[in-house]
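Novice: I would like the atomic coordinates for the input below:
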Amino acid sequence: MANIMGTTRGGKPWEPKFIVSIDQKLCIGCGRCYKTCSRSVLDLVERDLDDDDDDLDDDQAMVMSVKDAADCIGCEACSRTCSKKAISHAPASL
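Specialist: Numbering: from 1, shown residues only. Sure thing, here's the model as predicted:
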């Protein structure tokens, strides 16, 4: 099956990559991705603490989460601003 394709203003083909997930173990909750996204795709939430997260404080840490992946336009601006490389993107099929 073919992936969604677009065209740049200059006429070159472009394949958008849409948000898939955010690794909460890598995310530091800085909010840069949230400020960059103009589509309300992301939201700040409390980190999901697992049993293997012994190195984390008992204080609740805030991290980014995918709120509405269906509204992502595939620009990857959030990934480019993430210093921890916590955001995953992938092409989508038609």
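
Novice: list the contacts for Glu15?
Specialist: Asn3, Ile4, Met5, Gly6, Pro91 (CB atoms under 8 Å, 6 or more residues apart in numbering). The C-beta positions use only the backbone N, C-alpha and C, and glycine is treated the same way.

Novice: whoops, Ser93 was the one
Specialist: Per CB under 8 Å, 6+ apart, neighbours of Ser93: Met1, Ala2, Asn3, Ile4.

Novice: Name the member of those residues with the most neighbours.
Specialist: Ile4 (14 neighbours; other CB atoms under 10 Å).

Novice: wait, isn't Cys72 in contact with Ile19?
Specialist: Yes. Cys72 lies in contact with Ile19 (CB atoms under 8 Å); the separation is 4.6 Å.

Novice: hang on, Val63 in a strand?
Specialist: Yes. Residue state for Val63 (DSSP: H, G, I helix; E, B strand; the rest coil) corresponds to a strand.

Novice: how deep is it tucked in, by neighbour count?
Specialist: Neighbours of Val63 (other CB under 10 Å): 20.

Novice: What's opposite it in the beta bridge?
Specialist: Val45 (DSSP bridges).

Novice: what's it in contact with, if anything?
Specialist: Val63 touches Ile22, Gln24, Cys27, Ile28, Gly29, Leu44, Val45, Glu46, Arg47, counting by CB under 8 Å, 6+ apart.

Novice: and the third one, how far is that from His89?
Specialist: Separation of Cys27 from His89 (CB to CB, to the nearest Å) stands at 15 Å.

Novice: Equivalent analysis for the first one, please.
Specialist: As judged by CB to CB, Ile22 and His89 stand 11 Å apart.

Novice: That concludes my questions; thank you for your assistance.
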